[in-house]
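**Student:** need a 3D model of the following:
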Amino acid sequence: MLIALDDTDGSDGGCTTHLMLRILSFLDLDVKGYPRLVRLNPNIPFKTRGNAALCAEIGRPSGTRTKIGEYMGKPIFSSSIIDDIQDYEQIADAAWDIVLQEANLSDEKTNPGMIIAKDKPDSDQYFAALRSVVSIEDALRRIKERGMVYRFAKNGRGLIGALSALSWPAEKSTYEMIIYSFPRPQHIPKDMQREIAILANSFPGTFNNYDGENRHAAIFPSPRTPVLCGVRTTDPTAILEFPTQITTGFPIRFTGYMLYQTNQATDDHYQKSFERFEDLSSYAFNAIVTSYPVAIRGGHWFFNFLYMGREYKAAIFEPSKGMRLLVRDIEIGDYVRIFGSFMDGKMNIEKVSIIEKSRVFVRSNPVCVKCGARMQNNGKNSFRCTSCSNHSAYPAYKEKKRYSEKKHYEAPVAGRRHLVASIQEEASSQ
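**Tutor:** This is a model prediction of the structure:
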């Protein structure tokens, strides 16, 4: 049996992952593998915060069990083999009661949806909800066609995310250990936050948890939710020790934790084969730079690029250090690979690789061929040597030195979107 839900949090609080934790604890069933945290289209205007949907395959244990979570002292297990449960309606009612208890229904953006299904749908629904805009009507039609059990409140937009989470093929994935302190985490001083984040980064496979450039502990979200912290990793085994280590090493208490398999840092949201740019979609493509970056008030930068014979505008908003280097180094004629989201007619840059740097030459006064001294301007297209009075009509051209040899540019950890993979790690692995 598969259970999926989405859109239960609000702009000012709540957390769908915490709801999944409560449901799994209450149902007292095992999870096959790990519950899944699936990020959806990051450009959707009616999202609440992180725009994530949840899914878990659940049943009675019949194989090797591993503790992957805990809620109020009660362990939650993963089992290598699970036996199916037949009473889908009973499970749906029990889980939906918990959703209604915790969902932030007073928020106009909160529109919960939950699905119980026997099988995973095709992955096309996952990619549709990740790369474009899906209507509630289309999602509901697909749910009914497959005979899935479902529940929703208000306009039921959460059914879109729930169906997408069910459809995730998990061809690429990472993991996140999320620790909760319900209803709100205790205050943790900034220095202690940094110590805890550095500890998190010491575990094998961890990434995007501490931003050394800005001394920012990226594992700590807004205190409006029950989430105390979330540690991203590629190794789901070692990180299971992290909850114990923070309580023994720091004056921290939690009410629960869960290890999720996620599509974070997979670049799954980028379309790589397409005919044209569509608003609210994300793309990865090669282009030629056609203008120098220009700044506007607020620290935002813009430059133009040529793609498929048409010129477009690219935007870099409040560039941090990594992207500031791009602004200083990029030249007209550079052949680049751009990763970004197309919104309001422009491409919002998330990361850039320079595939081939253009050669730029600057005009200068020539060297005198007779005496070797640098000649001076003597009018339009005329140069005169002040040492020997020799004349020339031809300037010299010198190749401009590029600001750096760097080829990959991205936002630091603090400014990186959930779905975006590090371009530096990609480059080093190639």
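**Student:** right, and residue 281 touches residue 132 too?
**Tutor:** Yes. Counting by CB atoms under 8 Å, residue 281 touches residue 132, with 5.7 Å between them. C-beta coordinates here come from the backbone N, C-alpha and C atoms, glycine included.
**Student:** which residues are common contacts for those two?
**Tutor:** Counting by CB atoms under 8 Å, 6 or more residues apart in numbering, the contacts common to residue 281 and residue 132 are residue 41.
**Student:** these two: who's more crowded?
**Tutor:** Neighbour count, other CB atoms under 10 Å: between residue 281 and residue 132, residue 281 has more, with 19 against 16.
**Student:** do you know how far that one is from residue 2?
**Tutor:** Residue 281 sits 27 Å away from residue 2, going by CB to CB, to the nearest Å.
**Student:** just residue 362 next, same as before
**Tutor:** Relative to residue 2, and taking CB to CB, residue 362 is found at 62 Å.
**Student:** check residue 93 too.
**Tutor:** Between residue 93 and residue 2 the distance is 17 Å, computed by CB to CB.
**Student:** residue 23 falls within a helix, correct?
**Tutor:** Yes. Counting by DSSP: H, G, I helix; E, B strand; the rest coil, residue 23 is part of a helix.
**Student:** how about the helices of the chain, start to end?
**Tutor:** Taking DSSP state H as the test, the helices found in the chain are 16-27, 88-102, 124-131, 136-145, 158-167, 190-201, 242-249, 321-329, 423-429.
**Student:** count the residues that sit near the spatially closest residue to residue 161 that is not a sequence neighbour.
**Tutor:** Take residue 161 and drop its neighbours on the chain: the residue closest to it by CB to CB, 6 or more residues apart in numbering is residue 6, 3.0 Å away. Here the number of neighbours of residue 6 (other CB under 10 Å) works out to 29.
**Student:** do the same with the one 4 residues further on
**Tutor:** Taking other CB under 10 Å as the neighbour definition, residue 10 ends up with a count of 20.
**Student:** hmm, residue 111 and it touching each other?
**Tutor:** No. If you go by CB under 8 Å, residue 10 and residue 111 don't touch, sitting 10.4 Å apart.
**Student:** against residue 302, how distant is residue 296?
**Tutor:** Applying CB to CB to residue 296 and residue 302 gives a distance of 7 Å.
**Student:** the more surrounded of the two?
**Tutor:** residue 302 (17 against 9).
**Student:** quick one: pLDDT of that one?
**Tutor:** Note for residue 302: predicted pLDDT of 94.
**Student:** repeat for residue 91
**Tutor:** Here the pLDDT value assigned to residue 91 is 96.
**Student:** now swap in the one 5 residues further on and tell me
**Tutor:** Looking at residue 96, its pLDDT reads 98.
**Student:** neighbours of it, how many?
**Tutor:** Residue 96: 21 surrounding residues under other CB under 10 Å.
**Student:** how about the contacts made by the closest residue to it other than its chain neighbours?
**Tutor:** Nearest residue to residue 96, sequence neighbours excluded (CB to CB, 6+ apart): residue 151, at 4.4 Å. Contact analysis of residue 151 by CB under 8 Å, 6+ apart lists 92, 96, 99, 113, 114.
**Student:** need the pLDDT of residue 425.
**Tutor:** 56.
**Student:** how about the closest residue to residue 236 other than its chain neighbours, what does it touch?
**Tutor:** Nearest residue to residue 236 in three dimensions, chain neighbours excluded: residue 175, at 4.5 Å (CB to CB, 6+ apart). With contact set as CB under 8 Å, 6+ apart, residue 175 has these partners: 34, 232, 233, 234, 235, 236, 239, 259, 260, 261, 262.
**Student:** isn't the last one right up against residue 35?
**Tutor:** Right, residue 262. No. Look at residue 262 against residue 35 with CB under 8 Å: they stay out of range, at 9.8 Å.
**Student:** in the stretch 51-200 of the chain, where is pLDDT below threshold?
**Tutor:** Within the stretch 51-200 of the chain, no stretch has pLDDT under 70.
**Student:** could you tell me how many residues sit around residue 261?
**Tutor:** Residue 261: 21 surrounding residues under other CB under 10 Å.
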